[in-house]
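Participant: what's the 3D shape of this:
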Amino acid sequence: MRPVVAIDDLNTYYFREQMPTLSETRRDIVLGLFVAPAPAKTPKNTLVIAEAIDDVITLDPHDVGEIGGVLTTNQVYQTLCTYDTANPENIQGVLAEKWSLADDGVTFTFTMRENAVFASGNPVTARDAEYSLHRLVKLKSRSAPIITQFGFTPENINERIKATDDRTLVIKVGEAYAPSFLLYCLSSYPGAIVDSKLVKDHEKDGDMGQAWLKAENSAGSGPYVLSMWKPKEKIVLKRNENYWGAKPAVETVILRHIAESSTQRLMLEKGDIDIANKLGPDELEAMAGNADIRIQQGLSGTIYYMGLNARNEYLAKKEVRQALKHLVDYQGIVETISRGTMEVHQTFLPRGFLGAVDANPFALDPAKAKSLLQQAGVAGEIELGMVVWNVPPYVDFAQAIQATFAQGGIKLNLEMVDGKQWLTRYRNHDLDIWLGLWGPDYPDPHSNAKAFSVNGAFSPDKNDTLADRFGWTNEELSVRAMAAVRERDTAKRHQMYQEIQKDHQQSAPFVYCFQEKRAVAMRNNVTGLVMGAMFADDRYWNTTK
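Facilitator: Predicted coordinates for the structure are as follows:
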């Protein structure tokens, strides 16, 4: 029984008795109610964003891979080129002002901008670009495969990527691909160019500055610099006063870890945050008539899926995998849990990509699922475990899936974990089923086709893919997907990817469920937010208040 407390003692009761037992989010609410009863407006020169960032394990741009980490480094570092978020086919120069491809189809020459400088004041040169791409490959980081898939290795990188002078960078890929493929990969977050002089000054025991860049230091040329990172709490960025482009109007950007959708709504309405990135349908609908709040929608390439570990004796069977695909109420979840924020999507290429196909052959059908299980020789109840990130919308999705799996005789045990554990279990394939998402790293179909279809043995870099991670090998689809990325005729590429997806969705250990329809809520005085179409690619530097 809780103690009876006088009103005058409420502060003492909460701070001494209750605060240690509350989550960080609940403590935020208590502090707002008792310490600062009047709504606190964020400063005009500060942009506060609510996001789930408990997955971040590093802020080194060449080793980052989590949503919060990539979102952060994209504000701090720049690449040789980028794409127009409104029209991804339009590739634009950033630190490189132009480029050309030789007749051999493999040699690219980039000309660097003359006026670009790093936050340190050091000029950005082709030698920095050379060092950065060499560093990515030599560190053998988690994000390196986006670049090493072109045949780059620690042994050949010095010959294959060279700065011939301060303004000229020559990159020679292993074989001819569709020309845009390399450019899209260089535009992705691992293509970040770092200040080589600054990083070398902070090397320790040959780590190429990795320990220094992991936490609260940065060496970029982007509009912001890293100021603070408190894991599972917040990331603070400050305006780069040496930025060579148009300086951001907002001096400080703060990413706060606020996972609960209801809490994000409360804080947004109070004015404690400016942007809420993780709102559910209930919160979005409730704020629709609030004149102080504006909802911005955008295209997202994010796919929500279940990865089935084919090492499991049951999940190794194609018929069992197909049975599980008939035990998800896709439309029901879209119409209830994810109203307005998801659409049913059952292939690995998101709508809007070259080669995307509208093919959704699976629906909730317990009878068909049971028949498939019988064909697989499975009798009686199957027990499986699923690892779930303990933030929306994963928890609600998982509980809905657990209920419909039971209709087919599948007992699904849910393991709710934080973001770091969620990713660790996924990377170590220490699970039966993983409920998660996949965002393409660049707007070329090979970003997803390689991940889900190609085994590492068939890729030039030999790195494991999601197919390997979930213990599945399909030589035929691997070969076909690699042929598609080498095809230089766009119409033929389109057809090849469509055919691959239709075969893939029937046999692969991936249950594709939804494509995200993004909706971000913000105070109505916030303007200029650019919502990226790719993985964690929102751009805050043109935002004003």
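Participant: may I have the phi/psi pair for residue 394?
Facilitator: phi -60, psi -40 (degrees, to the nearest 10).
Participant: what does the pLDDT read for it?
Facilitator: Looking at residue 394, its pLDDT is 94.
Participant: got it, and residue 10?
Facilitator: So residue 10 comes in at 32 (pLDDT).
Participant: after the longest strand seen in the chain comes which helix or strand?
Facilitator: Ranked by residue count, the top strand of the chain under DSSP state E comes out as strand 293-308. Downstream of strand 293-308, the first helix or strand assigned by DSSP states H and E is helix 318-325.
Participant: whatever helix or strand comes next after that following helix packs against which elements?
Facilitator: Counting by DSSP H and E, the element after helix 318-325 in chain order, helix or strand, is helix 330-335. Judged by 3 or more CB pairs under 8 Å, 6 or more residues apart in numbering; DSSP states H and E, helix 330-335 is in contact with strand 342-344, helix 394-407, strand 510-523. Quick note: C-beta positions are derived from backbone N, CA and C, even for glycine.
Participant: what does helix 330-335 contact?
Facilitator: Residues outside helix 330-335 that contact it (CB atoms under 8 Å, 6 or more residues apart in numbering): 342, 343, 344, 346, 360, 362, 363, 364, 397, 400, 513, 514.
Participant: in that helix, what's buried?
Facilitator: If you call a residue buried by 16 or more other CB atoms under 10 Å, then helix 330-335 has these buried ones: 330, 333, 334.
Participant: what does stretch 360-376 give?
Facilitator: 362, 364, 365, 366, 368, 369, 370, 372, 373, 376.
Participant: ok, so of the residues you listed, who is nearest residue 134?
Facilitator: Comparing those against residue 134 with CB to CB places residue 362 closest, at 44.9 Å.
Participant: could you tell me the end-to-end distance of stretch 78-85?
Facilitator: Its first and final residues considered, stretch 78-85 spans 15 Å by CA to CA, to the nearest Å.
Participant: stretch 244-264 now?
Facilitator: Stretch 244-264 has an end-to-end distance of 34 Å (CA to CA).
Participant: tell me how far that stretch lies from the chain's centre.
Facilitator: How far stretch 244-264 lies from its chain's middle: 17 Å, per CA atoms, centre = their mean, to the nearest Å.
Participant: buried ones in that stretch?
Facilitator: Within stretch 244-264, the residues that count as buried by 16+ other CB under 10 Å are 244, 248-261, 263-264.
Participant: follow-up on the earlier one: ok, the buried residues of helix 330-335 vs residue 104, which is closest?
Facilitator: Among the buried residues of helix 330-335, and counting by CB to CB, the member closest to residue 104 is residue 330, at 46.8 Å.
Participant: tell me the domain boundaries of this structure?
Facilitator: The record's domain parsing of the chain by automatic domain parsing lists 1-36, 39-55+222-292+524-545, 78-199, 302-518.
Participant: looking at those, which has the lowest confidence?
Facilitator: Looking at these, the lowest mean pLDDT belongs to domain 1-36 (a mean of 37).
Participant: one step back: with distance to residue 216 as extra columns, can I get the domains of the chain in CSV?
Facilitator: Formatted as CSV, those follow (distance: least, CB to CB, whole Å):
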stretch, distance to residue 216
domain 1-36, 20
domain 39-55+222-292+524-545, 5
domain 78-199, 14
domain 302-518, 18
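Participant: residue 212 is nearest to which of these?
Facilitator: domain 78-199 (7.4 Å).
Participant: got the angle for whichever helix in the chain runs longest vs strand 510-523?
Facilitator: The residue-count maximum for a helix in the chain (DSSP state H) belongs to helix 490-507. Orientation check (axes from the mean of the first three to the mean of the last three CA atoms, to 10 degrees): helix 490-507 against strand 510-523 gives 110 degrees.
Participant: in helix 490-507, what's buried?
Facilitator: Those would be 493, 494, 496, 497, 498, 500, 501, 504, 505, for helix 490-507 by 16+ other CB under 10 Å.
Participant: between the residues you listed, which is closest to residue 133?
Facilitator: Of all the buried residues of helix 490-507, residue 133 sits closest to residue 493, with 25.9 Å by CB to CB.
Participant: go ahead and confirm that closest one touches residue 179.
Facilitator: No: Residue 493 sits out of contact with residue 179 when judged by CB atoms under 8 Å, with a separation of 11.9 Å.
Participant: follow-up on the earlier one: dump the longest helix of the chain to PDB, keeping only the CA atoms.
Facilitator: C-alpha atoms of helix 490-507 as PDB (Å, rounded to 0.1, in the frame of the first residue of the first chain):
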ATOM      1  CA  THR A 490      17.400   0.100 -67.100                       C
ATOM      2  CA  ALA A 491      14.300  -1.500 -68.600                       C
ATOM      3  CA  LYS A 492      15.900  -5.000 -68.500                       C
ATOM      4  CA  ARG A 493      17.000  -4.400 -64.900                       C
ATOM      5  CA  HIS A 494      13.400  -3.500 -63.900                       C
ATOM      6  CA  GLN A 495      12.100  -6.700 -65.300                       C
ATOM      7  CA  MET A 496      14.800  -8.800 -63.700                       C
ATOM      8  CA  TYR A 497      14.100  -7.500 -60.200                       C
ATOM      9  CA  GLN A 498      10.400  -8.100 -60.600                       C
ATOM     10  CA  GLU A 499      10.900 -11.700 -61.600                       C
ATOM     11  CA  ILE A 500      13.500 -12.300 -58.700                       C
ATOM     12  CA  GLN A 501      11.100 -10.900 -56.100                       C
ATOM     13  CA  LYS A 502       8.200 -13.200 -57.100                       C
ATOM     14  CA  ASP A 503      10.400 -16.300 -56.800                       C
ATOM     15  CA  HIS A 504      12.100 -15.000 -53.600                       C
ATOM     16  CA  GLN A 505       8.900 -14.300 -51.700                       C
ATOM     17  CA  GLN A 506       7.800 -17.900 -52.000                       C
ATOM     18  CA  SER A 507      10.900 -19.600 -50.700                       C
END
